[in-house]
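K.L.:
Sharing a sequence plus its predicted fold:
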Amino acid sequence: MAGNTLKLEIITPECVTVSDESTSIVLNAIDGYLGIWPNHAPMIAGLRPGALHYSTTGGDKYVFVSGGFVEVSDNVVSIIAPSAERVEDIDLARAEAAKKRAEERLKNRDNIDVARAQAALARALGRINTVNESK
Amino acid sequence: MANAREIKRRMRSVKNTQQITKAMKMVSASKLRRAQGTVIAARPYKNKLKEVLSRLVASMGNNASDPLLEVREVKRVGFVVFASNKGLAGGYNFNIMKKALEEVHQAESRGAEIGIVAVGKKTREFFTKNGYTIDYEFMEVNDIPNSVDAGAISKTIKSAYISGQYDEVHIVYAEFISAMSQVPTSVKVLPITTPQSESAEGLDYIYEPSPAEVLSQILPLYLANQVFSALNEAKAGEHGARMTAMTSATDNATELLSKLDLSYNRARQAAITNEITEIVGGVNALN
């Protein structure tokens, strides 16, 4: 199998969310989408909150990653993120509510932590996008 | 008989207390197990983060710079002190406070002002009583540590450091060795001292978008993780200390009960003997 697959690991402080063999991975990096195929050169890249999409022999899978970074070496892709959720674990209603709340805060703009509201909005949008992309 | 009744009452109250301490012991034992679980679950993340950061710093050499790495003249030092909300944990809180105070005095002797970030009610009580200002406080920390609580703390100290409120931040917590022993520890978390790895040369990585950018992404995660593992250790230690304290309280109660039982039986026997003597004396008088 060596040479045809990558080992994908998504590690958060609470647990190892995903540990799987994959044939290709698409990430939401700071500069835009980033595709990783087997035998990729060693790399470290920062991530934005958003969807991670990877293909396995059993089909495509989607995971929401809240940021952090990715390390690629020796066909092992490790994602180090503050939090991550598989698409089936995402609470869409909660994400929509969070999006609305963050948007309202940003609209009123009084007495709020703008950076924090923006980060919350980015996370909520990332979750919603992950669900939409997986459909 | 009054004496025997009093002993009986005393026994009942000791038994009640013993039931409470026994329950607390079991609650602490289960919380300790869960807290230990989070410590273990957090390990891969911690190790990976350390590994990548040390590699990154090694490859950047002296070019590594970030607001969180910047060393300034120390005018004001922040101490984040992790203690418990509740007592009944033996010497746990006292030992932490002793260590924290030691560190605080040391910083004062270097001419720095002190600001306290209190995690847990016991920290707030202690430092308020000793006349220090509490700059921030976190009283609602979950018994089973989670990254949300740790994130709130690390965000607070990060912005306090960047805004210049603190020139150095230390965290004081009890390092968890076992349920029986916790060692109070103090660690300087800001400015961040980057870990030095054994195999620093490592691979030649591509950095996306740039090493500096990646560094600025990793450092806050590293800080947050340091706070998170301190919180983990502190909570595991707290439950361990409470479990140990409650175990010995339960044992003491058992011992006390057996002593009381003995004196109760003695008192009862004395009363019976007394009665018999009286009856025998009465019969003898009648004859």
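P.N.:
Yep, that arrived.
K.L.:
Only C-alpha atoms from now on, for both contacts and neighbour counts.
P.N.:
Fine.
K.L.:
Show the residue spans covered by the helices in the chain.
P.N.:
You didn't pick a chain, so chain A it is. In chain A, the segments counted as helices under DSSP state H are A:92-108, A:114-134.
K.L.:
You answered for a different chain; I wanted chain B.
P.N.:
Assigned by DSSP H, chain B shows helices spanning B:2-60, B:92-109, B:121-129, B:147-162, B:211-286.
K.L.:
Please dump those helices into TSV; it should also carry mean neighbour count and distance to chain A for every row.
P.N.:
Formatted as TSV, the helices of chain B follow (neighbours: other C-alpha atoms under 10 Å in any protein chain shown; distance: least, C-alpha to the nearest C-alpha, whole Å):
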stretch	mean neighbour count	distance to chain A
helix B:2-60	18	5
helix B:92-109	18	25
helix B:121-129	18	26
helix B:147-162	18	7
helix B:211-286	19	5
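K.L.:
and B:Ile134, bridged to which residues?
P.N.:
Using DSSP bridges, the beta-bridge partners of B:Ile134 come out as B:Ile116.
K.L.:
ok, it - how many residues close by?
P.N.:
The number of residues packed around B:Ile134, counting by other C-alpha atoms under 10 Å in any protein chain shown, is 18.
K.L.:
On the pLDDT front, check it for me.
P.N.:
Per-residue pLDDT puts B:Ile134 at 79.
K.L.:
Just name the most buried of the helices of chain A.
P.N.:
Between the helices of chain A, helix A:114-134 has the highest mean count of neighbours, a mean of 18, where neighbours are mean count of other C-alpha atoms under 10 Å in any protein chain shown.
K.L.:
roughly how far is that helix from the heart of the chain?
P.N.:
Chain-centre distance of helix A:114-134: 10 Å, with C-alpha atoms, centre = their mean, to the nearest Å.
K.L.:
With stretch B:210-227 instead?
P.N.:
For stretch B:210-227, the distance between its averaged C-alpha position and the chain's averaged C-alpha position is 26 Å (C-alpha atoms, centre = their mean).
K.L.:
Please apply the same query to stretch B:109-118.
P.N.:
Averaging C-alpha positions (C-alpha atoms, centre = their mean) puts stretch B:109-118 21 Å from its chain's average.
K.L.:
what does that stretch rub up against?
P.N.:
Residues outside stretch B:109-118 that contact it (C-alpha atoms under 8 Å, 6 or more residues apart in numbering or on different chains): B:74-82, B:104, B:107-108, B:124, B:127, B:132-139, B:166.
K.L.:
if we can go back for a sec, can you list the helices of chain A in CSV and add distance to chain B?
P.N.:
Supplementary listing: the helices of chain A in CSV, determined by distance: least, C-alpha to the nearest C-alpha, whole Å:
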stretch, distance to chain B
helix A:92-108, 16
helix A:114-134, 10
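K.L.:
Now mean pLDDT too, for the ones you listed, in JSON lines please.
P.N.:
JSON lines is the format used below for the helices of chain A (pLDDT from 0 to 100):
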{"stretch": "helix A:92-108", "mean pLDDT": "78"}
{"stretch": "helix A:114-134", "mean pLDDT": "77"}
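K.L.:
could I get those as a markdown table with distance to B:Ser210?
P.N.:
Compiled in a markdown table, the helices of chain A are given as follows (distance: least, C-alpha to C-alpha, whole Å):
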| stretch | distance to B:Ser210 |
| --- | --- |
| helix A:92-108 | 30 |
| helix A:114-134 | 21 |
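K.L.:
Show me which residues of chain A are close to chain B?
P.N.:
If contact is defined as C-alpha under 8 Å from any C-alpha of the partner chain, the residues of chain A in contact with chain B are A:11-16, A:30-31, A:41-46, A:68-69, A:71, A:80, A:82.
K.L.:
For chain A, which segments count as strands?
P.N.:
In order along the chain, chain A carries the following strands (DSSP state E): A:6-11, A:16-22, A:24-29, A:32-36, A:43-46, A:50-56, A:59-65, A:69-73, A:76-80, A:84-86.
K.L.:
Next up, the contacts around B:Met243.
P.N.:
By C-alpha under 8 Å, 6+ apart, the contact set of B:Met243 is B:Met24, B:Lys25, B:Met26, B:Ser28, B:Ala29, B:Ala89, B:Ala179.
K.L.:
which non-adjacent residue is nearest the first one?
P.N.:
This means B:Met24. With C-alpha to C-alpha, 6 or more residues apart in numbering or on different chains as the criterion, B:Met24 has its nearest non-adjacent residue at 6.7 Å, and that residue is B:Met246.
K.L.:
didn't the one you found look like it was pressed against B:Ile20?
P.N.:
No: if you go by C-alpha atoms under 8 Å, B:Met246 and B:Ile20 don't touch, sitting 9.1 Å apart.
K.L.:
According to the record, where do the domains of chain A fall?
P.N.:
A:6-87, A:90-134 (automatic domain parsing).
K.L.:
Just name the most buried of these.
P.N.:
Among those, domain A:6-87 has the highest mean neighbour count (mean count of other C-alpha under 10 Å), at a mean of 20.
K.L.:
what about that one, start to end distance?
P.N.:
The first and last residues of domain A:6-87 sit 20 Å apart, counting by C-alpha to C-alpha, to the nearest Å.
K.L.:
looking only at pLDDT, what's the mean for it?
P.N.:
Domain A:6-87 shows a mean pLDDT of 83 in the predicted model.
K.L.:
so who does the residue nearest to B:Met24 touch?
P.N.:
Going by C-alpha under 8 Å, 6+ apart, B:Met246 touches B:Thr21, B:Lys22, B:Met24, B:Lys25, B:Leu88, B:Ala89.
K.L.:
what's the lowest-pLDDT member of those?
P.N.:
Within the set of those, pLDDT is lowest for B:Ala89 (75).
K.L.:
now the nearest residue in space to it that is not next to it in sequence: how far from A:Glu96?
P.N.:
Take B:Ala89 and drop its neighbours on the chain: the residue closest to it by C-alpha to C-alpha, 6+ apart is B:Arg242, 3.9 Å away. As for B:Arg242, its distance to A:Glu96 is 42 Å (criterion: C-alpha to C-alpha).
K.L.:
With B:Asn274 instead?
P.N.:
Using C-alpha to C-alpha, B:Asn274 is found at 82 Å from A:Glu96.
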